[in-house]
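Novice: Structure for the following, please:
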Amino acid sequence: MFENVAMAPPDAILGSTEAFNNDPRADKINLGVGVYKDENGTTPILGSVKQAETRLLDAESTKSYLPMPGAPEYAAAVQALLFGRDHEIVAAHRAVTAHTPGGTGALRVAGDFIKQVFPSARIWVSDPTWANHKGVFGAAGLEINTYPYYDQDRKALAFDAMMRALEDVPATDVVLLHACCHNPTGMDPSSEQWQAIARAAETKGFVPFIDFAYQGLGDGVEEDASGLRTLCGTCPELLVASSFSKNLGLYRERTGALTLVAGSKDAAQRCFSQLKLCVRRNYSNPPAHGGAIATTVLNDPELRTLWEGEVKDMRDRINGMRRLFVETLAAKGVEQDFSFITRQRGMFSFSGLNKEHVDRLREQHAIYIVGSGRINVAGMTPANMDRLCEAIAEVLA
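Specialist: Reported below is the predicted structural model:
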């Protein structure tokens with residue numbers, strides 16, 4: 001039976017990392033996978049995480065299973081971070097949260113829930129979007145539509161085209177929106193644009209689904225939640241997939257959450273019963289360690305302050321690399337205007353490099369970038385910037 005199985009195509013992002021790992025060239029640079037690197041090229045363990053783990057290891061008394069949706073205190077910490085501790089949604093118990101294996105797990109559980117409860121519903125994703133969105137939702141059996149998001153010529157948000165598309169979304173459908181640090185473009189709606197999106201959702205009646213993977217890496221922990229909270233002001237129902245991979249550095253702990261907001265506590269609990277069935281059929285219950293770390297950091301004032309400072313340091317380093325990248329490209333003689341990169345937010349830049357450029361960078365210079373031209377700015381360092389920009393100048397010449 002297995003002799004007839006065909007080789008699957010490599011993943012657009014993780015497949016690039018496999019190729020990078022197998023590349024013997026000593027000066028190779030990986031700007032593909034979305035992992036934060038410090039100025040030494042290392043993905044660090046945050047000090048707040050280290051302290052939380054020490055406390056947890058000293059106090060841990062069991063390795064028994066968690067409940068299907070995870071620990072209640074984790075859910076409470078996630079909701080407080082998303083909405084604010086005193087938000088009406090939290091006070092009215094209109095939100096329910098399931099601890100999932102990473103943000104990807106949250107997306108899949110949500111996809112299964114939508115297909116199970118609303119089998120004719122379609123999901124709309126931005127064009128472009130994270131490479132795995134379509135794979136995850138397609139595997140859940142959902143029909144996928146797209147709405148315009150990025151204007152390649154202007155290197156800016158295609159907001160007018162986006163809004164025209166949202167006007168055609170029926171009330172039976174779900175629209176996926178990136179809360180901040182849009183992956184892959186790095187272009188986010190302004191406050192006024194979020195208000196317009198919220199009005200469209202309210203008027204048309206579609207359910208917003210917020211992918212919130214980078215809270216804190218855009219403009220700040222609270223600031224990055226402003227789009228979500230704007231939607232909460234007008235939309236009685238929504239979904240949120242969130243993750244602590246990036247902002248707590250818990251990549252391998254796979255610590256995410258799916259939060260559902262309903263119009264009432266009773267409706268939320270009925271939906272929660274269906275979400276738990278989806279969890280049971282996928283992975284039964286979540287891993288404990290990452291959720292315990294996140295809960296400890298978020299609920300302890302001292303660790304919370306330390307963590308927010310560490311997130312700011314990451315955010316500042318990324319923004320510093322954006323500026324240095326633009327300056328160094330100009331210094332290397334690149335005439336093309338790359339200043340738009342400093343207006344983007346988060347770990348990623350939609351660089352404008354095409355597939356030919358990407359292929360040449362990999363083959364001739366051992367520089368790995370996603371085929372779409374998306375660059376992980378957090379993978380840049382002062383040490384590799386000169387070589388990176390010299391290579392880009394060469395392939396653009």
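Novice: what residues go with each domain of the protein?
Specialist: If you go by automatic domain parsing, the domain ranges for the chain are 11-45+315-396, 65-299.
Novice: Now the terminal residues of the last one, how far apart.
Specialist: Separation of the first and last residues of domain 65-299 by CA to CA, to the nearest Å is 22 Å.
Novice: chain center to that domain: distance?
Specialist: Relative to the mean C-alpha coordinate of its chain, domain 65-299 is positioned 10 Å out (CA atoms, centre = their mean, to the nearest Å).
Novice: Ok, which of the domains of the chain comes nearest residue 308?
Specialist: domain 65-299 (5.9 Å; CB to CB). Where C-beta positions appear, they are placed from N, C-alpha and C, glycine not excepted.
Novice: Let me know the average pLDDT across that closest one.
Specialist: Predicted confidence along domain 65-299 averages 97 (mean pLDDT).
Novice: Tell me the buried residues in the helix ranked longest in the chain?
Specialist: Longest helix of the chain, by residue count under DSSP state H: helix 301-331. Buried residues in helix 301-331, counting neighbours by 16 or more other CB atoms under 10 Å, are found at 303-304, 306-308, 310-311, 314-315, 317-319, 321-322, 324-326, 328-330.
Novice: Next: stretch 263-275.
Specialist: 267, 268, 271, 272, 275.
Novice: circling back: packing partners for the longest helix of the chain?
Specialist: Packing partners of helix 301-331 (3 or more CB pairs under 8 Å, 6 or more residues apart in numbering; DSSP states H and E): helix 47-59, helix 289-299, helix 382-396.
Novice: for residue 210, which residues make a bridge with it?
Specialist: residue 177, residue 240 (DSSP bridges).
Novice: and it, how many neighbours?
Specialist: 23 (other CB atoms under 10 Å).
Novice: Distance of it relative to residue 231?
Specialist: Taking CB to CB, to the nearest Å as the measure, residue 210 falls 7 Å from residue 231.
Novice: Report the set of residues contacting both of these two.
Specialist: Shared contacts of residue 210 and residue 231 (CB atoms under 8 Å, 6 or more residues apart in numbering): 177, 238.
Novice: quick revisit: got the domains of the chain as CSV, with distance to residue 4 columns?
Specialist: Shown next, in CSV, are the domains of the chain (distance: least, CB to CB, whole Å):
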stretch, distance to residue 4
domain 11-45+315-396, 22
domain 65-299, 22
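Novice: and residue 218, what is it in contact with?
Specialist: When contacts are counted by CB under 8 Å, 6+ apart, residue 218 touches 180, 181, 188, 224, 315, 345, 346.
Novice: what about it, which helix or strand?
Specialist: In the assignment (DSSP states H and E), residue 218 maps to no helix and no strand.
Novice: Kindly report the same for residue 208.
Specialist: Using DSSP H and E, residue 208 falls in strand 207-212.
Novice: With residue 144 instead?
Specialist: Assigned by DSSP H and E, residue 144 falls in strand 143-148.
Novice: May I see the buried residues of that strand?
Specialist: Buried residues in strand 143-148 (16+ other CB under 10 Å): 144, 147, 148.
Novice: Of these, which is the nearest to residue 339?
Specialist: For the buried residues of strand 143-148, the nearest to residue 339 is residue 148 (23.0 Å; CB to CB).
Novice: What is the burial count for the residue lying closest to that closest one once chain neighbours are set aside?
Specialist: Counting by CB to CB, 6 or more residues apart in numbering, residue 148 lies nearest to residue 161, which is 3.8 Å off, once chain neighbours are set aside. Burial of residue 161 is recorded as 15 neighbouring residues (other CB under 10 Å).
Novice: Distance check, residue 161 against residue 182.
Specialist: Taking CB to CB, one finds residue 161 at 15 Å from residue 182.
Novice: so the closest residue to residue 38 other than its chain neighbours is in which element?
Specialist: Leaving out its chain neighbours, the residue that sits closest to residue 38 by CB to CB, 6+ apart is residue 44, at 5.4 Å. Assigned by DSSP H and E, residue 44 falls within no helix or strand.
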